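attaching a predicted model along with its sequence, questions to come.
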Amino acid sequence: MTAIVDFSPAPPCPEQFNLANYILEAGQTTPDKIALRVYESGMPRSYSYAELTQAVLGAATGFHDAGIRSGDRVMMRIGSTVDFPVTFLALAALDAIPMPTSIALSHSETLGLIKTTSPSAVIFDPTWAKKVKFTFLSKGWMDEFTFCDQTRSEKWHKKVNSSIHA
């Protein structure tokens, strides 16, 4: 197999660039085109641009309702599921600053990152939260953060989807 490699310089990003807008605008003319394919538990799941747009805008609405604003640093503690790109793009749509972290980090590493970066919110996978929530409660830090359980964002997706189709 022969590979074709293009070494020409790519055009620079514009000064005002929003990743979420760039991706979501790409599907306006082709809403049924596949935008994302994710493998979860060994099974492929494809999302069209229309589905991805609904999920991202629904999550962005929910995050905004939870108090996340433009410029807020938001730590993401989400594994390799569809929730990761949806959450990342939803935060970008709000002009918040997504801070993805590995779910393999230890509790002390995570707490160190939180102390160093001072996120406004932590969005997490509930399985991670069960392991770590006690640490936050015992340190009395729970009041300093907005904790957004990803299952809430799934409800926001459904809420937006049902209002669009109503």
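Yep, it's here.

from here on, just use CA atoms for contacts and neighbour counts.
Fine.

distance of the most centrally placed residue in the chain from Asp95?
Centroid check for the chain by C-alpha atoms, centre = their mean gives Thr87 as the closest residue, at 1.6 Å. According to C-alpha to C-alpha, to the nearest Å, Thr87 stands 12 Å off from Asp95.

try Arg69
Arg69 is 7 Å from Asp95, by C-alpha to C-alpha.

try Ser120
Taken as C-alpha to C-alpha, the span from Ser120 to Asp95 is 13 Å.

cool, and Ser8?
Distance from Ser8 to Asp95, by C-alpha to C-alpha: 31 Å.

one more: Leu89?
10 Å.

neighbour count: the two, which is higher?
Leu89 (27 against 18; other C-alpha atoms under 10 Å).

who touches the nearest residue to that one once chain neighbours are set aside in this structure?
With C-alpha to C-alpha, 6 or more residues apart in numbering as the criterion, Leu89 has its nearest non-adjacent residue at 5.0 Å, and that residue is Ala20. Applying C-alpha atoms under 8 Å, 6 or more residues apart in numbering to Ala20 gives the contacts 89-90, 92-93.

so what are the sheet partners of the helix or strand hosting Arg45 and their directions?
Counting by DSSP states H and E, the element that carries Arg45 is strand 43-48. As defined by DSSP bridges, the strand partners of strand 43-48 come to strand 34-40 (antiparallel).
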